[in-house]
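Participant: Here is the input, now give the coordinates:
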Amino acid sequence: MNRDSNDCRRISRRVVLAGTTFTFGAVAASAAVSRALAQQKISQEVAKYQGSPNGDKRCDGCFNFQAPNGCRFVDGNISPSGWCQLFTPKT
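Facilitator: Predicted structure coming up:
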């Protein structure tokens, strides 16, 4: 092989490795941002939370309720007998 052929291969490997490193870094950063956004909760006011049920819809019957008094999406203390517009019935 001549020298020019070897130089092309080296450049090619460098480009591929640099691109791969950038791609993995971008994926890792994206995953970290997604996790951070998923952990943020909205206020009770924004969720239109109320401490009493809406008919038969109650927080303790919601998929997002976290016993004894939490919610995956709404910040603060949540009453098991409360309700908000994010209500999703347990299946």
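
Participant: How about P89, nearest residue that isn't a chain neighbour?
Facilitator: Leaving out its chain neighbours, the residue that sits closest to P89 by CB to CB, 6 or more residues apart in numbering is G61, at 6.2 Å. Where C-beta positions appear, they are placed from N, C-alpha and C, glycine not excepted.

Participant: count of residues packed around the one you found?
Facilitator: Residues near G61, counting by other CB atoms under 10 Å, number 16.

Participant: For it, grab phi and psi.
Facilitator: Note on G61: its backbone torsions stand at phi -100, psi 10 [degrees, to the nearest 10].

Participant: how near is it to P53?
Facilitator: Distance of G61 to P53, given as CB to CB, to the nearest Å: 9 Å.

Participant: Same question for C62.
Facilitator: Separation of C62 from P53 (CB to CB): 11 Å.

Participant: the more surrounded of these two?
Facilitator: With neighbours defined as other CB under 10 Å, C62 and P53 compare such that C62 has more, 23 against 17.

Participant: quick one: secondary structure of the nearest residue to that one once chain neighbours are set aside?
Facilitator: Counting by CB to CB, 6+ apart, F87 is the residue found nearest to C62 once chain neighbours are left out, at 5.1 Å. At F87, secondary structure determined by DSSP: H, G, I helix; E, B strand; the rest coil is coil.

Participant: so what pLDDT did F87 get?
Facilitator: F87 is assigned a pLDDT of 98 by the prediction.

Participant: what do you get for K48?
Facilitator: With respect to pLDDT, K48 scores 98.

Participant: who's in contact with it?
Facilitator: Taking CB atoms under 8 Å, 6 or more residues apart in numbering as the criterion, K48 is in contact with 84-85.
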